[in-house]
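Student: next input, structure requested:
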Amino acid sequence: MGLCGLLMITVGRYPAEWISPGDPRIIHLTIQCLRITGFIQIGFAACVVFGGALRGAGDTLSAMTISLTTIIGLRFTGVIIIGWWLHLGLAAVWCVSRRRIVFERCADVSAIRVWGVENDEGVIAQRKRAERLRRRLSICTIQ
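Tutor: Residues are numbered from 1 along each chain as shown. I've put the predicted structure just below:
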């Protein structure tokens, strides 16, 4: 993903010119968005890995909570403030949207460290909670 990000930053101009060969404003805006996206690719890869690590350790609830919180708290609210209220344009909205990925990665890392998912006790506790939840859900569906 880092290589793809580097390609977006360095040669993203050529596909943008090829896709929209008429309006230079659209080409410029596309290049800006590709550079922002290219810059964040390493953070996005780490976000996928750490989120998968939490899910693999059996901690699906905290991974879902982190994703939902960053989507609503950072992406949705940030886009409304930056785009609708402050009228800063598409590049600023794109930055806010991409920044959510970095915050989500940091939250995943802190969840792994703080909640003890990396040690055996944390994994066992997470599995016990997941098993209790499965039992509750099976009781609800049988009745």
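
Student: how far away is the residue nearest the centre of the chain from Gly22?
Tutor: Nearest to the centroid of the C-alpha atoms of the chain, with distances taken as C-alpha atoms, centre = their mean, sits Ile101, at 3.5 Å. Between Ile101 and Gly22 the computed distance is 32 Å (C-beta to C-beta, to the nearest Å). To be clear about C-beta, it is placed using only N, CA and C from the backbone, and glycine gets the same treatment.

Student: go on, Arg129?
Tutor: When C-beta to C-beta is the yardstick, Arg129 and Gly22 sit 56 Å from each other.

Student: for those two, indicate the residue with more neighbours.
Tutor: Taking Arg129 and Gly22 together and counting by other C-beta atoms under 10 Å, Arg129 has the greater number of neighbours (14 against 7).

Student: does Tyr14 belong to a helix, a strand or coil?
Tutor: helix (DSSP: H, G, I helix; E, B strand; the rest coil).

Student: what score does it have for pLDDT?
Tutor: Reading off the per-residue confidence, Tyr14 sits at a pLDDT of 89.

Student: count the residues that sit near it.
Tutor: 10.

Student: now Ala57, what are its backbone angles?
Tutor: Torsion angles at Ala57 (phi, psi; degrees, to the nearest 10) stand at phi -80, psi 0.

Student: can you tell me how far it is from Ser110?
Tutor: 14 Å.

Student: so which bits of stretch 77-91 are buried?
Tutor: 78-79, 82-83 (16 or more other C-beta atoms under 10 Å).

Student: span of it from start to end?
Tutor: The distance separating the two terminal residues of stretch 77-91, taken as C-alpha to C-alpha, to the nearest Å, comes to 16 Å.

Student: can you check stretch 18-30 too?
Tutor: Chord length of stretch 18-30, first to last residue, is 11 Å (C-alpha to C-alpha).

Student: average pLDDT across it?
Tutor: On average, stretch 18-30 scores 84.
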